[in-house]
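Visitor: from the sequence below, what's the structure:
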Amino acid sequence: MTTIAVIPGDGIGPEVIGPALDVLDALGLGVRTDVLDHVNAETYLRTGTALTGADLDRIRSSEAALLGAVGDPRLSDTAYVRGVLTTLRLELDLYVNYRPARLWHDRLSPLRDPARRAIDCVIVRENTEGLYSGIGGGTRTGTPHEIAIDVDLSTRQGVARVLEFAFSVARRSVCLVDKANAVRNGGQLWQRCWSEAVARHPDVEASHLYVDTAALRLATDPTAFDVIVTNNSYGDILSDLTAALAGGLGVAASANLNPVTGRALFEPVHGSAPDIAGTGVANPFGAILSVALLVEHLGRTEEADAVRRAVAAAVAAGRVTPDLGGTLSTKEVGTVVLTELRRP
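Guide: Just a heads-up that it's a prediction; the model follows:
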């Protein structure tokens, strides 16, 4: 039996994971869930440990993992969030962050020109290196002469493998986004690996943009993009922009992948949203669409497409949460998706 590790997490995480698991169960795939509901901020505040070795063993023994959200306003630093997310990405070597962005309905787009609204692209983000590697330090802290250093780490192996993945999922084109004109050492490494990858894939259209130009073009005509591949920090930023162009963070799903080992962690892009936690209005689409990515990862493409059609039908009917202009609660939207799934 296929086992999926589930970490509901904090804030709205448990609220959106509930409907997502209902959808997974409704697909009838015979999946068993191993719920790690103790991995949360409450446990961290009590013990100082975000993720234990035993927790990692349970996740490693599963075919994939599903995460709700982590984060708590009582914690002023990032140690807890990094202790969960960064630990999982590094320990499982989930070197690809895969974030698709698709406009589910024309009314959700912030763009004025209807011809340029239909975003349908993927951000492929290097997920284990870059500025988020945690390498750096500081001195003279708290003084007028304070110095802080964060290292933007790039390795040939890390860059080459994420570029190769980007080409493997392209339908028509891949665009490399960097800032090689200003960040010269890492930029030159990315450029060399890019030239080699382009040569290996002559049938895929390849282009290159600096990150500021890419942001401008995304905001004016996102339909021009298929796959954007970039480093950790740029990918984090650009994928929030593509989410906004597709209707907001509430509909944004993501996958953290190791295409070689098959290990994978799926999660909605939104955070724990403590300002709306407990109000019952959190949008479950991001979590439900993350389940679609998970199911697709398990080789069940037909079922994944059925989930996406159900979400599209709910959006088209306006049966959505307030962030998308509706009046339904989190649970009610989950019920709508289940009803659409069961239609012949």
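
Visitor: what's the neighbour count on residue 49?
Guide: By other Cβ atoms under 10 Å, the residues close to residue 49 number 13. Every C-beta, even on glycine, is put in place using the N, C-alpha and C of the backbone.

Visitor: that one touches residue 40, doesn't it?
Guide: No. With contact defined as Cβ atoms under 8 Å, residue 49 does not count as touching residue 40 (11.6 Å).

Visitor: for residue 340, pull up the helix or strand it's in.
Guide: For residue 340, the host element (DSSP states H and E) is helix 330-341.

Visitor: so which bits of that helix are buried?
Guide: The neighbour-count check on helix 330-341 (16 or more other Cβ atoms under 10 Å) flags 330, 332-338, 340-341 as buried.

Visitor: ranges for the helices of the stretch 151-300 of the chain?
Guide: Using DSSP state H, counting those that start in this stretch, the helices of the stretch 151-300 of the chain run over residues 156-169, 184-200, 211-220, 232-245, 285-297.

Visitor: which ones are touching the residue positioned nearest the centre of the chain?
Guide: The C-alpha lying nearest the average C-alpha coordinate of the chain belongs to residue 254 (Cα atoms, centre = their mean; 2.8 Å). Neighbour list for residue 254: 97-99, 239, 266-269, 290, 293 [criterion: Cβ atoms under 8 Å, 6 or more residues apart in numbering].

Visitor: quick check: it vs residue 125, distance?
Guide: Here residue 254 is placed at a distance of 9 Å from residue 125 (Cβ to Cβ, to the nearest Å).

Visitor: cool, residue 183 as well?
Guide: Distance of residue 183 to residue 125, computed by Cβ to Cβ: 16 Å.

Visitor: quick check: residue 36 touching residue 58?
Guide: Yes. Residue 36 lies in contact with residue 58 (Cβ under 8 Å); the separation is 6.5 Å.

Visitor: common neighbours of the two, please.
Guide: Residues touching both residue 36 and residue 58 (Cβ under 8 Å, 6+ apart): residue 5.

Visitor: tell me which of those two has more neighbours.
Guide: Taking other Cβ under 10 Å, residue 36 and residue 58 do not tie; residue 36 has more neighbours (22 against 16).

Visitor: name the SS class of the closest residue to that one other than its chain neighbours, please.
Guide: Distances taken as Cβ to Cβ, 6 or more residues apart in numbering place residue 7 nearest to residue 36, at 5.0 Å, with adjacent residues excluded. At residue 7, secondary structure determined by DSSP: H, G, I helix; E, B strand; the rest coil is strand.

Visitor: residue 7: neighbouring residues, count only.
Guide: 28.

Visitor: who does it bridge with?
Guide: residue 67 (DSSP bridges).

Visitor: who are the contact partners of it?
Guide: Counting by Cβ under 8 Å, 6+ apart, residue 7 has contacts 13, 36-37, 39, 65-68, 70, 84.

Visitor: and for residue 289?
Guide: Contacts of residue 289 were listed using Cβ under 8 Å, 6+ apart, and they are 251-253, 268, 307-308, 311.

Visitor: 7 Å instead, please
Guide: By Cβ atoms under 7 Å, 6 or more residues apart in numbering, the contact list for residue 289 reads 251, 253, 308, 311.
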